[in-house]
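Colleague: Got a sequence here, can you build the structure:
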Amino acid sequence: MSRLFISALALFASLLSAQEVQTLASGDDYLAFPTLIELGDEVLVSYKRGKSHAADAGARQELLRLERATGKVLSTGTLAEVKGEIMQMGEWVRFANGDVANYIDAQEAQGSLRTGLAVVRSNNGGTTFGPVQRLGVVDGMEYGYAFDSITRGSTTWMLVMTFANLTGGKLVFKTKSQPGSVDVIRSDDNGLTWRFVRRITAELGHAPINESAFMPHGDGFIVTARGYDNRQWLLRTDVAFKVLQKVDLNAAHDFITSHIGRPRLFQRDVSCYLLGRNWAAPGLMQLALFKFDPQTLDITRYVILDNAEKKPVADGYYAQPYWTERDGHTRFHVITYKRGSEKNASIVKQEMDWAAVK
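Modeller: Numbering: from 1, shown residues only. Below you'll find the predicted structure:
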């Protein structure tokens, strides 16, 4: 057992006693895949309301408004619903002009084939949202799943994925086993139009990847990608997303035995972190936070945020963080979903002392 893993277990024991867990939404439906955006005094959370993890006919995107300071649920309601389609995996984007949008992984109700990215947009800072529209074709390619976005200055970049049944999708397949391509696209007019930038999949030698995330670093970016081949990649790129350095985290660390589900990257207090669902051992699902060196891409700290006790978790841990201040302490909040032995998954929020985590 590695030293990092032993220290992670010890740290989890101290976190558990100080951690506050709040159920934000639950019930007879299957609530999953939350994503968040901070808007002043509120945190907006989108999530799927359906009946199962996948092949979920009739599923819709819901919107939950959370009071940032107290964690109080202010309201819930429908964000996006299309008859005959599945609305899931909504990804928030904040544009330079203040508009916010939610890009949704839209699928056919029968067979779960992608129907092309759907989007709902707010022109008033998230107070109200317009009707469901489509991203459409970008430089000959239509995308079906958005993973992450970055806005710097007037430019917004977004990580998106191709699919064989969508326009242009078959052109990027190098082998029959390759599921699709993760691409970077950009907009310089607040999401009104987009253009192709780089194919991350090609930069990785056409490795089979899907769920990905990125963050700014210096003049370039750091990217992480989940592999269908149960590898987790961490990359450093230049400003044009050309890979300068890459690490297979599975090969480098024995406490990661497979991919990191729905990974998220962020920088806080000058340090860099990777958050997501970790398979610490075959069949063992945990929510984990990894601190890493952005120059070497080495993991330097490993924190188990949930399930160090190794209980059965059937589904969960697509997570995003935010922070608040209370009584002179920085509080770390993680919104995720979880299904243990229950029939359905719920949306939950964990809160803990950031000083103990970081």
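Colleague: contacting residues around Arg226?
Modeller: Residues near Arg226 by CB atoms under 8 Å, 6 or more residues apart in numbering: 209-212, 232, 259-263. Heads up, the C-betas are built off the backbone N, CA and C, glycines and all.
Colleague: Which of those fall within strands?
Modeller: Residues from these lying in strands, with DSSP state E as the criterion: 209-212, 232, 260-263.
Colleague: okay, these in a markdown table with pLDDT, distance to Lys170 and neighbour count next?
Modeller: Compiled in a markdown table, the ones in strands among the contacts of Arg226 are given as follows (pLDDT from 0 to 100; distance: CB to CB, whole Å; neighbours: other CB atoms under 10 Å):
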| residue | pLDDT | distance to Lys170 | neighbour count |
| --- | --- | --- | --- |
| Ile209 | 94 | 18 | 26 |
| Asn210 | 94 | 17 | 18 |
| Glu211 | 96 | 21 | 26 |
| Ser212 | 98 | 21 | 25 |
| Gln232 | 96 | 27 | 29 |
| Ile260 | 95 | 29 | 27 |
| Gly261 | 94 | 27 | 19 |
| Arg262 | 96 | 26 | 23 |
| Pro263 | 98 | 27 | 28 |
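Colleague: ok, Pro216 - how many residues close by?
Modeller: Counted with other CB atoms under 10 Å, residues neighbouring Pro216 total 15.
Colleague: So what sits opposite it in the bridge?
Modeller: Per DSSP bridges, the residues bridged to Pro216 are Phe221.
Colleague: Kindly state the pLDDT recorded for it?
Modeller: Note on Pro216: pLDDT of 97.
Colleague: Check the offset of stretch 335-355 from the chain's centre.
Modeller: Taking CA atoms, centre = their mean, to the nearest Å, the mean C-alpha location of stretch 335-355 is offset from the chain mean by 15 Å.
Colleague: mind exporting that stretch as CSV, just the C-alpha atoms?
Modeller: Extracted C-alpha coordinates of stretch 335-355, given in CSV (Å, rounded to 0.1, in the frame of the first residue of the first chain):
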residue,chain,number,x,y,z
ILE,A,335,-22.1,18.9,-5.0
THR,A,336,-22.4,15.4,-6.4
TYR,A,337,-24.9,12.6,-6.7
LYS,A,338,-24.8,9.2,-5.1
ARG,A,339,-26.7,5.9,-5.0
GLY,A,340,-25.6,3.4,-2.4
SER,A,341,-28.0,0.5,-1.7
GLU,A,342,-31.0,2.7,-2.5
LYS,A,343,-33.2,2.3,-5.5
ASN,A,344,-32.6,5.9,-6.8
ALA,A,345,-29.7,8.4,-6.7
SER,A,346,-29.9,11.7,-5.0
ILE,A,347,-28.2,15.1,-5.3
VAL,A,348,-26.1,15.8,-2.2
LYS,A,349,-23.7,18.5,-1.0
GLN,A,350,-20.7,17.8,1.2
GLU,A,351,-19.1,20.6,3.2
MET,A,352,-15.8,20.6,5.1
ASP,A,353,-12.9,22.7,6.2
TRP,A,354,-10.7,23.6,3.2
ALA,A,355,-7.6,23.8,5.4
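Colleague: Pull out the buried residues from that stretch.
Modeller: Neighbour-count burial for stretch 335-355 flags 335-339, 344-354 (criterion: 16 or more other CB atoms under 10 Å).
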